[in-house]
Every structure is written in structure tokens, then in C-alpha cells.
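# Quick one: sequence and predicted model below, then my questions.
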Amino acid sequence: MRIGEIAGLVGITARAVRHYHQLGLLPEPRRLANGYRDYSLRDAVQLARIRRLTELGLGLEEVRDVLADDAGRELVDVLEGLDADLARQQTDIEARRARLGVLMQQARAGRLPAEGPVSPGLAELFGDMARASAALPGPEPVMAARDRELLALLETAGTDGEGERLVDAMRAMAQAPGAMERAYDVYARLDALADAAPDDVRVEETARALVGLLPEEVAGGVGDVEAGGFMDVLLADFSAAQGEVIRRALRIASRERGAR
């Protein structure tokens, strides 16, 4: 058989056959006097086996190991490893589909936040904020929208469940009586400091109000607020006075936590 014939018989391309030759997966057949390769039935059987193994998800390096072991023990080991990988992928896919299902429900109900997609827990918190905002006599404070963006970022950037713990803490805070109203009062105060100086007398008042809203997980997980780095990035879009409010509130909360 010519290369096109054996490729068509097995259901692959002639280019794939040549690639398998280059990788050593398929021995070179004898050549006819005119230089064309002459493939046998044994070659077709080998190609069919390569195709079945790759369709199972094995890489070509793994296929080569399998073909090199006549006893088949390597095949058992590789297939068991492949099965374990597929099981992990299936678990991940099921979790992702469950999250996607929640997001689709939110989208159909018109409740998918502009900062989404986010976790169901954070989406619920954003829903509480939307309801509080709707009860305001005027437009929502700019700082409220910025806070949602920061929460979405922190949830994504957190490691070892940090983002999830932060969201849970914020949700618990929001469920306390009057907490959401106090939060929107702080948002409005921060908006009012957009053009103020860092030493404005309202900075200390706003920082004290903010401390009362910070969950212990936030105050305890920020670390040295003077160290720069992450804190500088976090506050890069804040005005000088707004940034001073955040730093001062975290400093006060950290100090009060250490005194307990």
C-alpha cells in the first residue's frame, strides 16, 4: 500500500503518517524500486493502534512508551494515569458548569453584575448593594462601584481560599442590621473627599466610620499598610484624601485587633 492508501484505510492523513515516522512511532517500511514506501497490513494495524491510543487522550510520547512495551504493562500504567486525569477534569468541569449555571440564572433574571462573572457569594453581596442603592434619594456613590470592582479583583487574585473568606466576611458584615446603610454613608463621605487634602478634618471622621464596617478578616489580613506594594496598587485610583482614609482605617483596625 502507498502512504495515501494506508492513511485513508486507518482514517488519518498522510502527513500524520510521516510525522509518526519522524517520532519513531512507526518503523519505515521497505521502499519499492521507484522510491515509494510500500506499507503492509502489519503497518496498518500499528497505525490503527496509534490512532486509538491518541483518541483516548494519550500524548505521542506516552504512545511511544506503550508501543515499546510488548508485555503491555506500560499500557496499563498509562491508562490508569489517564483515567485519573480524566476523573479530575470531570470534577473540575462539573464545578465550572455548576458555577456557570448560577451565572446563567442571574443573567436571565437581569441580576448579573457589571463586574461579573463573579462567585455566587459575591453576586449575592452585589445584589444587596444594588437594593441598597435603589433606596437612595440620589445616584449611587462612585466609591460603591469602585468597591465592587476591588472586591471582584480580590476574589480572583486571592490564593488558598483567601478571596472566598473575604467575600464570606463581607457578606456577614452586610447582613448586620443597618450595616448596608452605614456602608453607603461611608461611600458618600469618600466621594465628598475626592478633591480634599489628606489632612482634611473629615479624613479622620470617615476613617473611624469605615473601621466600624471592616470585618476582622480584612483588618487582620492586610498586614503593614505602610509597606507599599499591594497597598499602593490598591489605592492607585483613589485621591490623596481617600487613600489616607483607607490607610488610617486599616491602621486603626489593626491596632484595635492587636489590643484584644
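Thanks, I have it. Numbers count the residues shown, from 1 in each chain.
# would you put the C-alpha positions of the helix or strand that Arg148 is a member of in CSV?
Per DSSP states H and E: Arg148 is located in helix 142-157. What follows is helix 142-157, C-alpha atoms only, in CSV (Å, rounded to 0.1, in the frame of the first residue of the first chain):
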residue,chain,number,x,y,z
VAL,A,142,-18.9,56.4,42.8
MET,A,143,-17.0,54.7,45.6
ALA,A,144,-19.6,52.0,45.8
ALA,A,145,-19.0,50.9,42.2
ARG,A,146,-15.2,51.1,42.9
ASP,A,147,-15.6,48.9,45.9
ARG,A,148,-17.4,46.3,43.9
GLU,A,149,-14.5,46.3,41.3
LEU,A,150,-12.0,45.9,44.1
LEU,A,151,-13.9,43.0,45.7
ALA,A,152,-14.1,41.2,42.3
LEU,A,153,-10.3,41.7,41.9
LEU,A,154,-9.5,40.5,45.4
GLU,A,155,-11.7,37.4,45.0
THR,A,156,-9.9,36.5,41.8
ALA,A,157,-6.4,37.4,43.0
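# Any buried residues in it, and which?
By 16 or more other Cβ atoms under 10 Å, the buried positions in helix 142-157 come out as 143-144, 146-148, 151-152, 154-155. (Each C-beta comes from the backbone N, C-alpha and C, glycine too.)
# hmm, who's touching that helix?
Residues outside helix 142-157 that contact it (Cβ atoms under 8 Å, 6 or more residues apart in numbering) are 113, 115-116, 118-119, 122, 125-126, 129, 133, 162-164, 166-167, 170, 183-184, 186-188, 190-191, 194, 234, 237, 242.
# returning to what we had before: next, format the buried residues of helix 142-157 as TSV and append distance to Ala84 and pLDDT.
As requested, those are exported to TSV (distance: Cβ to Cβ, whole Å; pLDDT from 0 to 100):
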residue	distance to Ala84	pLDDT
Met143	48	92
Ala144	46	91
Arg146	44	86
Asp147	42	86
Arg148	40	85
Leu151	36	80
Ala152	34	78
Leu154	33	72
Glu155	30	72
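# and which of those is nearest Glu28?
Within the buried residues of helix 142-157, the smallest distance to Glu28 is 55.8 Å, found for Glu155 (Cβ to Cβ).
# now the helices for this protein?
3-10, 14-23, 41-55, 60-68, 73-108, 120-134, 142-157, 162-174, 179-192, 201-211, 216-221, 230-234, 240-258 (DSSP state H).
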